[in-house]
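A.B. asks: take this sequence and fold it.
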Amino acid sequence: MSVESSFSHLCLEDKIPDSSIPVKSLVFKPKTAKTATPVPIVVIALQSTVTPSPLISQATGLKDPRLARDELFQSFFKCESAKAFTVGYLSNCESPFHLLIDQQLEKLKDSDVLQLNETVYITKSKLFEFLSKFESSTQSVDFTQEVSKTAAQTKKTSQAPSGATSAAIEDAKLIGITVDKSLDFPGWYQQILTKGEMLDYYDVSGCYILRPASYAIWEAIQKWFDAKIKSIGVQNAYFPMFVSSKVLEKEKDHVEGFAPEVAWVTKAGSSDLEEPVAIRPTSETVMYPYYAKWIRSYRDLPLKLNQWNSVVRWEFKHPQPFLRTREFLWQEGHTAHLTAQDAEQEVLQILDFYAGVYEELLAVPVVKGKKTEKEKFAGGAFTTTCEGYIPQTGRGIQGATSHHLGQNFSKMFNVCVENPLGPEHPKVNVFQNSWGLSTRVIGVMTMIHSDNKGLVIPPRVSQQQVVVLPVGITKKTTEEQRAHIHSSAKEVEARLKKAGVRAFGDYNDNYTPGWKFAQYELKGIPLRVESGPKDIESNQVTVVRRNDSRKVVVKLDELETRIPELLEELQADLYNKAKELFDSHRVIVDEWNDFVPKLNKKNVILSPWCGVMECEEDIKDASAKKDDGEEFEQDEKAPSMGAKSLCIPFEQPELKPGQKCVKCSRPAIQYCMFGRSY
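C.D. replies: This is a model prediction of the structure:
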C-alpha cells in the first residue's frame with residue numbers, strides 16, 4: 001500500500017538536502033482488557049530522542065505501552081507493517097488514537113527537511129500542516145524530563161491495588177539512579193550509563209561517545225586478548241574503512257545479510273562520486289583481494305591478521321547503547337590456512353579466548369556452542385559462539401562469534417596456493433576463518449552486575465580499582481588534625497599504587513563523605529578505603545566492597561597483600577553470582593507444553609531438536625505467545641520476542657532413546673538452546 005495520498009503530495013520528491021534530520025514514527029499498544037479495543041499511541045520524535053515507555057504512559061494515562069505488532073498496523077491504519085508505516089497512514093485510522101509529538105521536533109525551523117524513512121522526506125512546516133488535522137488527539141511531550149508522579153497519578157496510585165508498583169526509586173536523588181532496575185530496565189540502563197559516566201549521547205542517532213571509564217574497559221580487553229592472539233601467531237594490521245561497490249557485491253551471499261545496513265558515501269563536497277563507496281560493515285571483502293595477492297605458496301601459510309577498528313552498520317531498529325549501535329569498536333581477525341583441520345582448530349581456540357574475556361575479565365558466565373544453519377554467519381561453513389544471559393529480562397545475548405569460512409571466500413577471491421604434493425596436482429584453495437568481539441561486551445557486563453546505586457565494574461577491567469577517602473573531619477577538627485588525616489590517606493594511596501593497585505584519592509573537603517560514597521558507588525569503583533582518626537589510631541583502614549557494601553577492616557601492615565586479595569574476592573563473587581543465576585535459569589524442556597511457560601519465567605531453554613530449519617522458525621513463531629494465550633507485543637527494547645535458537649551447546653545433555661524433537665514429531669538429533677534474545 002502506498003503512503004496515503006493526502007500526505008504524499010506534501011512530501012519532497014527531489015532536491016533532498018544532505019542536512020535532512022531523521023525522524024521516527026513509533027506506534028505503541030497499551031495494556032488493554034481482552035474485551036476492550038486498544039487506543040494506539042503514535043509517537044513522532046527526532047531519531048535521537050529517547051522515548052521511554054514510562055513517559056509515554058505518564059503522558060497518556062495508559063498502562064504499559066509496548067511497540068505494536070504488524071497486526072495492529074493492518075487493522076487500525078491499513079498499513080501492512082510497522083516498517084512501512086509513516087504518519088501519512090494516520091488518515092486511514094477510523095478509531096481514536098493518541099498522538100504524541102516530541103518538543104525537540106517542534107523547536108526545529110519550519111524550513112528544516114525531515115527524513116521520515118529511507119525514501120520519504122518532508123519539511124517541518126508541511127509535516128505540522130498535515131498533523132494539524134489530528135489536533136484533538138495531539139499532545140506535545142518533553143521526552144527529556146524525568147518520569148514524575150503527577151497529582152492525578154498520586155491519587156490514582158492511592159486507589160490502586162496494593163500490588164501496583166512504580167519504577168521510581170523512593171527518595172532517589174536526581175544525581176543518582178532514579179528508576180528501579182527491576183521495574184524499568186531500559187530506563188535504568190540508560191541512567192546507569194550516562195550518570196555513571198560510561199558514555200554520552202551524540203547528535204547522530206545510534207552513535208555514542210565512549211567516555212574514559214568505558215574506554216578503559218575496552219583497553220583492558222584489548223591488552224588481554226591481543227596477548228592471547230599474538231601467542232598463536234596472529235599479527236595486527238589495518239585496512240581502509242572504505243570498500244568499492246564492485247568488491248562489496250562480489251560475494252553476494254555474504255553481502256546480502258549486511259545490505260540494508262551498509263552506509264554509502266556518494267559525494268565529495270558538492271560533487272557526486274563516480275562510484276559510490278561503502279563504509280565497511282565488516283572486512284572480508286576489504287581484505288581478501290589482498291590475501292589473494294600476498295599468498296602465493298603454501299609456505300606463506302598460515303596468514304593470520306587481526307585489526308582493531310570500527311565498523312558501521314546503519315540499522316534502523318531502535319538503537320541501544322553498546323548493544324545495537326550504528327558505529328562500534330571491535331576487533332576482527334581473518335586467517336588463512338592450508339588445511340581445514342588447522343582452521344577449525346583455530347576457530348575453537350579463539351572461542352576459548354572469547355569465553356576468557358567474559359569469564360576471566362568481565363565476570364560474566366557464557367555457554368559455548370555452534371550456531372544453527374539459520375543463524376550462522378552468511379557465507380561461512382559454520383559459526384561458533386559464546387552466549388550470555390541477562391537475568392533481569394531473562395533474555396540471551398550473543399557474546400562473540402568465531403566463524404569457519406571453509407573455502408567459500410577463497411574460491412570467490414581466488415586465494416589459492418600450489419599443491420604441496422607437487423605441480424601435477426591441482427591448486428589448493430585456502431581454508432579461512434574470521435572472528436570478532438565488539439564493545440557490546442561492555443553493555444552485557446553493565447546489565448548483569450550493576451544495581452540501583454549505579455555501576456558495578458569487575459576489578460580486573462575497572463579504570464580505577466580503589467578510591468581512598470579521608471573521613472571523620474568535622475567543624476571541630478583543627479587544621480593540624482585535618483592535615484594529618486589527609487597525609488595518612490595519601491600515604492595509603494601511594495602504597496597501593498606502588499603495589500600495582502589502580503588507586504586514587506579524593507581530598508576535596510567541599511563535599512561530605514556521604515556525598516563521595518554515593519558518587520563513587522554510582523561510578524562503580526570496586527573498593528572504597530576510608531581512613532579517619534579512629535583508623536589512624538588503630539593502624540588500620542576500613543574497606544567497603546562495592547558489590548555488597550560489606551565492610552572489612554585491614555591492618556596497615558597487611559595493606560599491600562590484603563587489598564589485592566579483596567579485589568580478587570570481589571571479582572570471583574561477581575562471577576559466581578552471575579553464574580548461579582544463569583545456571584538456575586537454563587532449564588531442560590522435553591515437551592512443548594512446558595516450553596512457553598518455562599520461557600515466560602525468564603529462562604533460556606535446552607530442548608531436544610530435529611535440526612530442521614522450518615521447525616526452528618516454527619518454534620520462534622509459536623513461542624511469541626504467553627502461556628495464557630496472550631500474544632507478546634514487539635517491544636523496542638526486545639528485538640526478538642519469540643524464542644530463537646541461541647546455539648547448539650558443546651556440552652550436551654544425553655538424548656533419551658527414541659527422543660523426539662520438542663516441537664515436531666521428527667527424531668531429535670541434539671539439544672539446542674533457545675531463548676528470547678537481544
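A.B. asks: return the distance of Ser205 relative to Val23.
C.D. replies: Distance, Ser205 to Val23, using CB to CB, to the nearest Å: 10 Å. Just so you know, the C-beta spots here come from the backbone N, C-alpha and C atoms, and that holds for glycine as well.
A.B. asks: kindly report the same for Asp352.
C.D. replies: Distance from Asp352 to Val23, counting by CB to CB: 45 Å.
A.B. asks: which one's more surrounded, those two?
C.D. replies: A side-by-side neighbour count of Asp352 and Val23, using other CB atoms under 10 Å, places Val23 first with 26 against 13.
A.B. asks: phi, psi for the residue nearest to the more buried one when sequence neighbours are not counted please.
C.D. replies: Take Val23 and drop its neighbours on the chain: the residue closest to it by CB to CB, 6 or more residues apart in numbering is Leu114, 4.6 Å away. Note on Leu114: its backbone torsions stand at phi -110, psi 140 [degrees, to the nearest 10].
A.B. asks: tally of neighbours for Leu114?
C.D. replies: For Leu114, using other CB under 10 Å, the count is 22.
A.B. asks: what residues are up against it?
C.D. replies: Going by CB atoms under 8 Å, 6 or more residues apart in numbering, Leu114 touches Ser20, Ile21, Pro22, Val23, Leu105, Leu108, Tyr121, Ile122, Thr123, Lys124, Leu127.
A.B. asks: now intersect those residues with the strands, please.
C.D. replies: Ile21, Pro22, Val23, Tyr121, Ile122, Thr123 (DSSP state E).
A.B. asks: pLDDT score for Cys664?
C.D. replies: Cys664 is assigned 93 on the pLDDT scale.
A.B. asks: all strands of the stretch 301-450 of the chain, in order?
C.D. replies: When secondary structure is read from DSSP state E, counting those that start in this stretch, the stretch 301-450 of the chain shows strands at 303-312, 327-337, 367-370, 382-390, 395-406, 416-417, 428-429, 431-438.
A.B. asks: which among those strands is found nearest to Ala292?
C.D. replies: With CB to CB as the criterion, Ala292 lies closest to strand 416-417 of the strands of the stretch 301-450 of the chain, at 7.9 Å.
A.B. asks: measure Ala668 to Phe595 for me?
C.D. replies: Ala668 is 14 Å from Phe595, by CB to CB.
A.B. asks: who wins for proximity to Glu94 among the strands of the stretch 301-450 of the chain?
C.D. replies: Within these, the stretch nearest Glu94 is strand 395-406; the backing value is 36.5 Å (CB to CB).
A.B. asks: now do the closest one: which elements does it pack against?
C.D. replies: Applying 3 or more CB pairs under 8 Å, 6 or more residues apart in numbering; DSSP states H and E, we find strand 395-406 packed against helix 340-356, strand 382-390, strand 431-438, helix 440-449, strand 670-677.
A.B. asks: go again using 6 Å as the cut-off
C.D. replies: helix 340-356, strand 382-390, strand 431-438, strand 670-677 (3 or more CB pairs under 6 Å, 6 or more residues apart in numbering; DSSP states H and E).
A.B. asks: kindly reformat these as JSON lines containing distance to Leu362 and mean pLDDT.
C.D. replies: Output for those, formatted as JSON lines (distance: least, CB to CB, whole Å; pLDDT from 0 to 100):
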{"stretch": "helix 340-356", "distance to Leu362": "10", "mean pLDDT": "98"}
{"stretch": "strand 382-390", "distance to Leu362": "9", "mean pLDDT": "97"}
{"stretch": "strand 431-438", "distance to Leu362": "11", "mean pLDDT": "97"}
{"stretch": "strand 670-677", "distance to Leu362": "19", "mean pLDDT": "96"}
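A.B. asks: dig out what Pro608 forms beta bridges with.
C.D. replies: Tyr671 (DSSP bridges).
A.B. asks: residue boundaries of the helices in the stretch 51-200 of the chain?
C.D. replies: Here the stretch 51-200 of the chain has its helices, by DSSP state H, counting those that start in this stretch, at 53-60, 70-77, 103-106, 124-131, 151-159, 185-195.
A.B. asks: right, so of those helices, which gets closest to Leu10?
C.D. replies: helix 124-131 (4.3 Å).
A.B. asks: so what's Leu361 up against?
C.D. replies: Applying CB atoms under 6 Å, 6 or more residues apart in numbering to Leu361 gives the contacts Trp224, Arg460, Val461.
A.B. asks: gap between the first one and Ala622?
C.D. replies: Same thing as Trp224. With distances taken as CB to CB, Trp224 is found 42 Å from Ala622.
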